[in-house]
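Peer 1: Here is my input; please provide its structure:
(one chain, ligands or ions: 2)
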Amino acid sequence: MFLRTLREDPADAEVPSHRLLVRAGYVRRIGPGIYSWLPLGLRVLRNIEEIVRQEMDAIGAQEIHFPALLPKEPYEATNRWTEYGPNLFRLKDRKGGDYLLGPTHEELFTLTVKGEYSSYKDYPVILYQIQTKYRDEERPRAGILRGREFVMKDSYSFDLDDEGLTNSYRLHRDAYIRIFDRVGLRYVIVAATSGAMGGSASEEFLAEAPTGEDTFVRSTSSGFAANVEAVVTPVPEPEPIEDKPAAQVHHTPDTPTIETLVDFLNAHGDRKFTAADTLKNVLVKTRQPGAREWELLAVAVPGDREVDLKRLEASLEPAEVALLEESDFAANPFLVKGYIGPKALQDNGIRYLVDPRVVTGTAWVTGADKPDHHVVDLVVGRDFTPDGTIEAAEVREGDPSPDGEGTLVAARGIEIGHIFQLGRKYADAFSLDALGQDGKPKRITMGSYGVGVSRMVAAIAEQSHDELGLVWPREVAPADVHVVIAGKDESVREGAERLAADLDAAGVRVLLDDRNASPGVKFADAELVGVPTILVVGKGLAKGVVEVKDRRSGDREEVPVDGAVEHLVSTIRA
Ligand code: ATP
Ligand code: MG
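Peer 2: Numbers count the residues shown, from 1 in each chain. Ligands and ions are numbered 1, 2, ... in the order given. Here you go, the predicted model:
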């Protein structure tokens, strides 16, 4: 057994899966977001791949394999060479030609189908690959959970019409449910945004985990569930403008924060204000893909909410978003920190987008563009008109569910799968048509579907461990039985090797710990490694017994050596 476990947690490990997969000798770091798979890790990865493969084959999808190293041209045709931004690994060959390491392969699949197929009779078709992807992630994180090199199953459906696409989407959704059930994950299916891929209908599969990077919400009283990035704020009815009092600028000394402002207003008048009556103007800068220049953007949210940067980024994709630096404020002296209002923004040509709750006729307390001054009763549609709305405000527990039923509760998850209906974006880029029955060309419509195969190894570990180590569900475990040789006697070693060979012959996947370590070290390592059944061959062998231990429950029993193989086979099949 090629295994060296570590007593210490790796210094950079923030989450249990990262800590345990490194300590238990499954993966090793080579560079930021780059890991090698050691024998145990590779076995788990291969098991998951096999489940994915079986379920994809079962819906009639056919496996192909593309290179990771790709010429730039197909990605230029779809503009993704630029749009993918700094996440794309770009490189040059010796002749100066531009290449990339594929982050996802829509272009190649579309071109391949175009190259092979021409008639409506050829469709529909679903193709997939299980392949290594490259993304220069800004924040590689948590070991293999967010790598810069990772394994993905990506598949693509090609249909003649929307009905066909709906069917291909449904097939994938069902296959994903079977995949994630089989690997033993707890997950939710949530509405999603479609991101850099473009397209419409889209859902994500999130493995529930407090350490996950995605936040999702669900309704307390309906089936509604969505990634917070995809939550669409219910828009209130517009209010009549006529009966609103005139806007008034007030001297509000030392009120640069919402809290100080609300306290001041409530201490100096009869009207009662809350943070929700104020409009907070947050400045960011954005840069379109391929552009050099950053542009200022103002985002207004009700003062009782923060701007959620991930929601903002999702709304502005594919543009990059950054916070302002001191130098940006210095270069734009009309930005009076703590007192920014719509007037100065719009007078100076800054794009001004507001939360969808900021509807016509609503009155707000907001900055008056000079220090220590705010304006009260600034009315939308009378005193200012925003350039549009944006989903950027945080979504909170207790918010009304967008489907009108119940309120929202929030939890965190790890994105393990994403399915979406691309439509014709890529078919248009490459003129992918089929000659129809009527002799006319028909544009193909596509779906794109991803599973994070390597990420799943970490997601399962994240959900399935205890204080002693990993606890693998049997379907993905690196072995069924971990045989521990607990003794130095030659007879013990021989007995263990014989049992391992017999188990192997009976179709049981065996891990034989034949290292020259002490029994104590081996027991601890067996717990750490997390194979579901542990077989200890030690002193008892002389009396004709061995010990079988269940890793999850910790239950142990002595069984006669003679019946041990049958006993283990029936345990495993149970
Ligand atoms: P994320 O939002 O986590 O960055 P994504 O939306 O960019 O993911 P997709 O393009 O939808 O990811 O890729 C399909 C699947 O590949 C994801 O659902 C995820 O499971 C997996 N995946 C994406 N990026 C990574 C990564 N850096 N490391 C490991 N797995 C990844
Ligand atoms: Mg995704």
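
Peer 1: List the contacts of stretch 232-242.
Peer 2: Stretch 232-242 is contacted by residues 355-357, 359-362, 379, 381-382, 391, 393, 400, 402, 404 when judged by C-beta atoms under 8 Å, 6 or more residues apart in numbering. The C-beta positions use only the backbone N, C-alpha and C, and glycine is treated the same way.

Peer 1: Alpha carbons only: can I get that stretch in CSV?
Peer 2: Output in CSV follows, covering the C-alpha atoms of stretch 232-242 (Å, rounded to 0.1, in the frame of the first residue of the first chain):
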residue,chain,number,x,y,z
VAL,A,232,-35.7,38.0,-8.6
THR,A,233,-37.0,40.6,-6.2
PRO,A,234,-40.8,40.9,-6.2
VAL,A,235,-41.6,44.4,-7.5
PRO,A,236,-44.1,46.5,-5.4
GLU,A,237,-46.9,48.5,-7.1
PRO,A,238,-45.9,52.0,-8.1
GLU,A,239,-47.2,54.7,-5.7
PRO,A,240,-49.1,57.9,-6.7
ILE,A,241,-46.7,60.9,-6.9
GLU,A,242,-49.2,63.7,-6.4
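
Peer 1: related to what we said a few turns ago, pick out the most distant pair among the contacts of stretch 232-242.
Peer 2: R382 and G404 (29.4 Å; C-beta to C-beta).

Peer 1: The two: who's more crowded?
Peer 2: R382 (16 against 10; other C-beta atoms under 10 Å).

Peer 1: ok, now which ones touch that one?
Peer 2: 241, 244.

Peer 1: how about it, phi and psi?
Peer 2: Main-chain dihedrals, R382, degrees, to the nearest 10: phi -120, psi -50.

Peer 1: still on that earlier bit, quick check on the contacts of stretch 232-242: which are buried?
Peer 2: Neighbour-count burial (16 or more other C-beta atoms under 10 Å) applied to the contacts of stretch 232-242 gives 355-357, 359, 361-362, 379, 382, 391, 393, 402.

Peer 1: what would those residues look like in a markdown table with secondary structure?
Peer 2: Below are the buried ones among the contacts of stretch 232-242 laid out as a markdown table (DSSP: H, G, I helix; E, B strand; the rest coil):
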| residue | secondary structure |
| --- | --- |
| D355 | coil |
| P356 | coil |
| R357 | coil |
| V359 | coil |
| G361 | coil |
| T362 | coil |
| V379 | strand |
| R382 | coil |
| E391 | coil |
| A393 | strand |
| P402 | coil |
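
Peer 1: any idea how far V228 is from the residue of the stretch 151-300 of the chain found nearest ligand 1?
Peer 2: Closest residue of the stretch 151-300 of the chain to ligand 1, C-beta to the nearest ligand atom: M152 (4.5 Å). Separation of M152 from V228 (C-beta to C-beta, to the nearest Å) stands at 23 Å.

Peer 1: Up against ligand 1, what does the stretch 351-500 of the chain have?
Peer 2: Contact residues (C-beta under 6 Å from any ligand atom) of the stretch 351-500 of the chain with ligand 1: 415-418, 450, 452, 454-455.

Peer 1: low-confidence ranges in the protein?
Peer 2: Filtered on pLDDT under 70, the chain yields the residue ranges 194-200.

Peer 1: so where's the longest strand in it?
Peer 2: strand 408-423 (DSSP state E).

Peer 1: helices or strands up against whichever helix or strand comes after that one?
Peer 2: The helix or strand immediately downstream of strand 408-423 is helix 425-429, counting by DSSP states H and E. Judged by 3 or more C-beta pairs under 8 Å, 6 or more residues apart in numbering; DSSP states H and E, helix 425-429 is in contact with helix 106-116, strand 445-452.

Peer 1: which of these is buried the deepest?
Peer 2: Comparing these by mean neighbour count (mean count of other C-beta atoms under 10 Å), strand 445-452 ranks first with a mean of 26.

Peer 1: Paired strands for it, with orientation please.
Peer 2: When sheet partners are counted by DSSP bridges, strand 445-452 sits next to strand 149-159 (antiparallel), strand 408-423 (antiparallel).

Peer 1: so which strand or helix has H172?
Peer 2: helix 162-182.

Peer 1: and that helix, how far out from the chain's middle?
Peer 2: Chain-centre distance of helix 162-182: 19 Å, with C-alpha atoms, centre = their mean, to the nearest Å.

Peer 1: Quickly list what L535 is bridged to.
Peer 2: Where L535 sits in a bridge, its partners, by DSSP bridges, are V483, V548.

Peer 1: A564 is in contact with that one, correct?
Peer 2: Yes: using C-beta atoms under 8 Å, L535 is in contact with A564, at 7.3 Å.

Peer 1: thinking again about what came up before, among the helices and strands packed on helix 425-429, which is nearest R178?
Peer 2: Using C-beta to C-beta, these put strand 445-452 closest to R178, at 11.7 Å.

Peer 1: ok, the residue of the stretch 1-150 of the chain found nearest ligand 1 - contacts?
Peer 2: Proximity of the stretch 1-150 of the chain to ligand 1 (C-beta to the nearest ligand atom) peaks at F150, 3.6 Å away. Shown in contact with F150 (C-beta under 8 Å, 6+ apart): 132-133, 135, 144, 452-455.

Peer 1: residues near I534, how many?
Peer 2: I534: 23 neighbours (other C-beta under 10 Å).

Peer 1: The closest residue to it other than its chain neighbours: neighbouring residues, count only.
Peer 2: Leaving out its chain neighbours, the residue that sits closest to I534 by C-beta to C-beta, 6 or more residues apart in numbering is K549, at 4.2 Å. Here the number of neighbours of K549 (other C-beta under 10 Å) works out to 19.

Peer 1: could you check the distance from K549 over to ligand 1?
Peer 2: In this view, K549 and ligand 1 are 33 Å apart by C-beta to the nearest ligand atom, to the nearest Å.

Peer 1: what sits against that residue?
Peer 2: 533-536, 555-556.

Peer 1: Any of the residues you listed buried? List them.
Peer 2: For these, a neighbour count by 16+ other C-beta under 10 Å gives the buried set as 533-536.

Peer 1: Go through those residues and name the one nearest ligand 1.
Peer 2: Nearest member of those to ligand 1, counting by C-beta to the nearest ligand atom, is T533, at 29.6 Å.

Peer 1: got the contact list for the nearest residue to the closest one once chain neighbours are set aside?
Peer 2: Nearest residue to T533 in three dimensions, chain neighbours excluded: V481, at 4.8 Å (C-beta to C-beta, 6+ apart). Going by C-beta under 8 Å, 6+ apart, V481 touches 503, 508-511, 531, 533-535, 568, 572.

Peer 1: out of those residues, which are inside helices?
Peer 2: 503, 568, 572 (DSSP state H).

Peer 1: measure the first one to G538 for me?
Peer 2: L503 sits 17 Å away from G538, going by C-beta to C-beta.

Peer 1: So those two - more neighbours on which side?
Peer 2: Set side by side, L503 and G538 show more neighbours around L503, with 23 against 20, by other C-beta under 10 Å.

Peer 1: V565 is in contact with the more buried one, correct?
Peer 2: Yes: L503 sits in contact with V565 when judged by C-beta under 8 Å, with a separation of 5.8 Å.

Peer 1: Turn the helices and strands packed on helix 425-429 into a markdown table, columns for distance to T215.
Peer 2: Rendered in a markdown table, the data for the helices and strands packed on helix 425-429 read as follows (distance: least, C-beta to C-beta, whole Å):
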| stretch | distance to T215 |
| --- | --- |
| helix 106-116 | 27 |
| strand 445-452 | 18 |
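
Peer 1: what's the closest of those to T5?
Peer 2: Per C-beta to C-beta, nearest to T5 of the helices and strands packed on helix 425-429: strand 445-452, 25.9 Å.

Peer 1: any idea of the angle that closest one forms with helix 106-116?
Peer 2: Using axes from the mean of the first three to the mean of the last three C-alpha atoms, to 10 degrees, the inter-axis angle of strand 445-452 relative to helix 106-116 is 130 degrees.
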